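Engineer: The following comprises the amino acid sequence and a computationally predicted model.
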Amino acid sequence: MTKDFYIGIDVGTSSTKTGLWRVDGVLIAEATATYPLHRPQPTWAEMNPYDWWQAACTTVRAVLAQSNVVPEAVGAVAVDAIGWSLVPVDLAGEPLCMSPIWLDRRADAQAAHLRNYPDADMLINLVANPLDAAYLTPKLLWLREMQPDIYAQTHRFLEATGYIVHKLCGTFSCDFTQAYGYHCFDIRHERWDEHALDLLDLPPDRFPTLYSSCTVVGEVTRAAADTTGLRAGTPVIAGALDAAVGAFGSGVARVGQCSDQGGTAFGLSLCVDQVIVEPRLIFSHHVVPGTYIFQGGTVGGGVLRWFRDTLGQPEAQAATLLDDDAYALMSREAAQAAAGAGGLIFLPYLAGERSPLWNSDARGVFAGLTFNTSRAQIIRALMEGCAYAVYHNVKIMEAHGVRVGEWIGIGGAAKSEVWCQIKADLTGRPFVIAQRADGKAGDNTLGLAVMGMYAVGACADLAAQIEAFLPQRRVYEPDARRHAIYQEAFAVYLDLVERVLPAFKDLARIGQSG
């Protein structure tokens, strides 16, 4: 039987989405399953790995059932997942504890200890990433110090992608795009570094085998077939970081292309062809061989959800009555306010901040509120604040001489016309949504499907294939007058950040004592 279908499983922070794609790039079926994020302490953010696996099984079964595609026709299955998610597992590959994810900052003390190492600069240069609490290295040290029994029982240190891959095919793996979370990964030579492992006193035999993202690492086991509905023997590829696949699935496959992600996390991924060490930002392999992604990320993407749940009852109620979406209603309301939100600036650090601040104590701030401030201006300021936070990273990237070419929007925020226009006006460059032949945007599961095709030889060129599947462009052109307003407002944003940074630590202490 011909293998004309490919499955992509996208394990995100709030849900898992699985897509079943035909070999010609047509989406046949998709399904989503949600799960909770747990915050048992103020700086913790953890998830149950079993929830990811259950969601993967549920959604794979759903797309097969919806499509009536027989499992024998599936050519490969590919997985991506959230980053910096530590999953210690036993010999059978079962999780030994909850997984602290990218939002988790419990390991601040361990990160500070690492930054004081005499060889701290060597570790940063080795992996081209900062020593921050969000990364896997401090979380490993936290586990060793705070939960020594679990650390001692661990057979392999996995991350979310590797965990799902193991559940599917039984292989203990870590792909290059996820390995950058460990400061014992030599990003230039794509191997675990013996000196760094020795320096960190980490056992080499507990780290999984490294693979490039599009490598077939095993086949679906009989047990996984029974649970997912897939055919035993279906090829499973190593998979990747969700940000890397999101960039690729949106059309970022060549040097200079950049994705602007808007979801639970906001960030950007610029495709480059050489290692760049910038400790204020994030750097990893891309899924396209020979390339990397230079990244920046803010935790502010959830601000509209916070507003909806805390202050947005009118939108939530209206959405129910009108059979509409609360976010769409808020977006239309924000469009009623002018660029600059009437002089209102918002710092979107509701869960601390990642690049370039790397500050666990950072807090959300409104500056410029008056009695004349409207609800529309508040919502617009939330959107603009997220855009400023991402743009902050762009300016640092450009200082390294990299060329930012086509700017491609992905994620939920790309559905908001006002948010897309804000980003075009702020940056002064066209903001693009790459679209399939049916007018819909590309996404992670499309990227995973193409990776699966490439892995088993069904396509010869990753970049050419994703371009063929995304032939259309919707373009938001920048407005010169609004660009000037935003450049002035962005300068105020940067000044405000510097002024309030010293207060964050005191505010965090007060908040924890209350």
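Structural biologist: Thanks, I have the structure now. Residues are numbered from 1 along each chain as shown.

Engineer: okay, CA-based contacts and neighbour counts for the rest of this
Structural biologist: Will do.

Engineer: which residues in the stretch 201-350 of the chain form strands?
Structural biologist: Counting by DSSP state E, counting those that start in this stretch, the stretch 201-350 of the chain has strands at residues 209-211, 216-219, 235-237, 240-241, 258-262, 266-272, 282-285, 292-298, 345-347.

Engineer: now swap in the stretch 51-200 of the chain and tell me
Structural biologist: Going by DSSP E, counting those that start in this stretch, the stretch 51-200 of the chain shows strands at 74-81, 87-89, 99-100, 156-158, 173-175, 185-186, 191-192.

Engineer: nearest to residue 397, of those strands?
Structural biologist: Distance to residue 397, taken as Cα to Cα, is lowest for strand 185-186 among these, at 21.8 Å.

Engineer: tell me the contacts of residue 86?
Structural biologist: Neighbouring residues of residue 86 by Cα atoms under 8 Å, 6 or more residues apart in numbering: 99, 100, 101, 136, 139, 140, 157, 158, 159, 160.

Engineer: Now do the second one: how many residues are near it, please.
Structural biologist: Same thing as residue 100. By the criterion of other Cα atoms under 10 Å, residue 100 has 27 neighbours.

Engineer: Report the separation between it and residue 175.
Structural biologist: Noted for residue 100: a distance of 19 Å to residue 175, by Cα to Cα, to the nearest Å.

Engineer: now do the first one
Structural biologist: Taking Cα to Cα as the measure, residue 99 and residue 175 are separated by 18 Å.

Engineer: And the third one, by the same measure?
Structural biologist: Distance from residue 101 to residue 175, counting by Cα to Cα: 17 Å.

Engineer: do the same with the last one
Structural biologist: Look at residue 160 and residue 175: by Cα to Cα, they are 11 Å apart.

Engineer: related to what we said a few turns ago, output the contacts of residue 86 in a markdown table; the columns should cover pLDDT.
Structural biologist: Putting the contacts of residue 86 into a markdown table (pLDDT from 0 to 100) gives the following:
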| residue | pLDDT |
| --- | --- |
| 99 | 98 |
| 100 | 98 |
| 101 | 97 |
| 136 | 98 |
| 139 | 98 |
| 140 | 98 |
| 157 | 98 |
| 158 | 98 |
| 159 | 98 |
| 160 | 98 |
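
Engineer: Select only the buried ones of these in ChimeraX?
Structural biologist: A single ChimeraX command selects the buried members of these (16 or more other Cα atoms under 10 Å):
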select :99,100,101,136,139,140,157,158,159,160
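
Engineer: so what's the residue nearest to residue 344 when sequence neighbours are not counted up against?
Structural biologist: Closest residue in space to residue 344, ignoring its immediate chain neighbours: residue 368 at 4.5 Å, by Cα to Cα, 6 or more residues apart in numbering. By Cα under 8 Å, 6+ apart, the contact set of residue 368 is 343, 344, 345.

Engineer: Residue 219 too?
Structural biologist: 168, 169, 232, 233, 234, 235, 236.

Engineer: Give me the buried subset of those.
Structural biologist: 168, 169, 232, 234, 235, 236.

Engineer: I'd like to know how far the second one sits from residue 242.
Structural biologist: Same thing as residue 169. 20 Å.

Engineer: just to revisit the earlier point, out of the strands of the stretch 51-200 of the chain, which one sits most buried?
Structural biologist: strand 74-81 (a mean of 28; mean count of other Cα atoms under 10 Å).

Engineer: Convert it to CSV, retaining C-alpha atoms only.
Structural biologist: Only the C-alpha atoms of strand 74-81 are listed here, as CSV (Å, rounded to 0.1, in the frame of the first residue of the first chain):
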residue,chain,number,x,y,z
VAL,A,74,0.7,6.5,7.1
GLY,A,75,4.3,7.0,6.0
ALA,A,76,5.7,8.4,9.2
VAL,A,77,4.9,10.2,12.5
ALA,A,78,6.7,13.2,13.7
VAL,A,79,6.6,15.0,17.1
ASP,A,80,7.5,18.5,18.3
ALA,A,81,7.1,19.8,21.9
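
Engineer: Just the residues contacting it, thanks.
Structural biologist: 3-12, 160-161, 164-165, 230, 234-242, 245, 444, 448-449, 451-453, 456.

Engineer: What is the burial count for residue 399?
Structural biologist: 8.

Engineer: residue ranges with poor pLDDT in the chain?
Structural biologist: Scanning the chain with the threshold set as pLDDT under 70 gives 1, 264, 300-301, 315-324, 514.

Engineer: any idea which helix is longest in it?
Structural biologist: helix 480-513 (DSSP state H).

Engineer: other SSEs contacting that helix?
Structural biologist: Judged by 3 or more Cα pairs under 8 Å, 6 or more residues apart in numbering; DSSP states H and E, helix 480-513 is in contact with strand 345-347, helix 375-398, helix 417-427.

Engineer: tell me the most buried of those?
Structural biologist: Highest mean neighbour count among these (mean count of other Cα under 10 Å): strand 345-347, a mean of 25.

Engineer: Which strands border that one, and is each parallel or antiparallel?
Structural biologist: strand 365-367 (antiparallel) (DSSP bridges).

Engineer: For the strand it pairs with, which outside residues touch it?
Structural biologist: Under Cα under 8 Å, 6+ apart, the answer for strand 365-367 is 344, 345, 346, 347, 348, 349.

Engineer: Tell me the buried residues in it?
Structural biologist: Going by 16+ other Cα under 10 Å, strand 365-367 has these buried residues: residue 365.

Engineer: Could you give the separation of it from the chain centroid?
Structural biologist: Distance, stretch centre to chain centre, for strand 365-367: 26 Å (Cα atoms, centre = their mean, to the nearest Å).

Engineer: Format the CA atom coordinates belonging to stretch 389-398 as PDB.
Structural biologist: Provided in PDB are the C-alpha atoms of stretch 389-398 (Å, rounded to 0.1, in the frame of the first residue of the first chain):
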ATOM      1  CA  ALA A 389       9.100  42.900  24.100                       C
ATOM      2  CA  VAL A 390       9.700  41.000  20.900                       C
ATOM      3  CA  TYR A 391      11.200  44.000  19.100                       C
ATOM      4  CA  HIS A 392      13.600  44.500  22.000                       C
ATOM      5  CA  ASN A 393      15.200  41.200  20.900                       C
ATOM      6  CA  VAL A 394      15.200  42.200  17.200                       C
ATOM      7  CA  LYS A 395      17.300  45.200  17.900                       C
ATOM      8  CA  ILE A 396      19.900  43.100  19.700                       C
ATOM      9  CA  MET A 397      20.000  40.600  16.800                       C
ATOM     10  CA  GLU A 398      20.500  43.400  14.300                       C
END
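
Engineer: just to revisit the earlier point, with distance to residue 391 as extra columns, can I get the contacts of residue 86 in a markdown table?
Structural biologist: Listed next are those as a markdown table, based on distance: Cα to Cα, whole Å:
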| residue | distance to residue 391 |
| --- | --- |
| 99 | 30 |
| 100 | 27 |
| 101 | 24 |
| 136 | 26 |
| 139 | 28 |
| 140 | 31 |
| 157 | 34 |
| 158 | 32 |
| 159 | 29 |
| 160 | 28 |
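
Engineer: and residue 432, how far is that from residue 272?
Structural biologist: Following Cα to Cα, the distance that separates residue 432 from residue 272 is 19 Å.

Engineer: do the same with residue 74
Structural biologist: Distance from residue 74 to residue 272, by Cα to Cα: 33 Å.

Engineer: ok, now residue 311?
Structural biologist: In terms of Cα to Cα, residue 311 sits 41 Å off from residue 272.

Engineer: One more: residue 233?
Structural biologist: For residue 233, the distance to residue 272 - Cα to Cα - is 36 Å.

Engineer: Same check on residue 400?
Structural biologist: For residue 400, the distance to residue 272 - Cα to Cα - is 12 Å.

Engineer: ditto for residue 13
Structural biologist: 26 Å.
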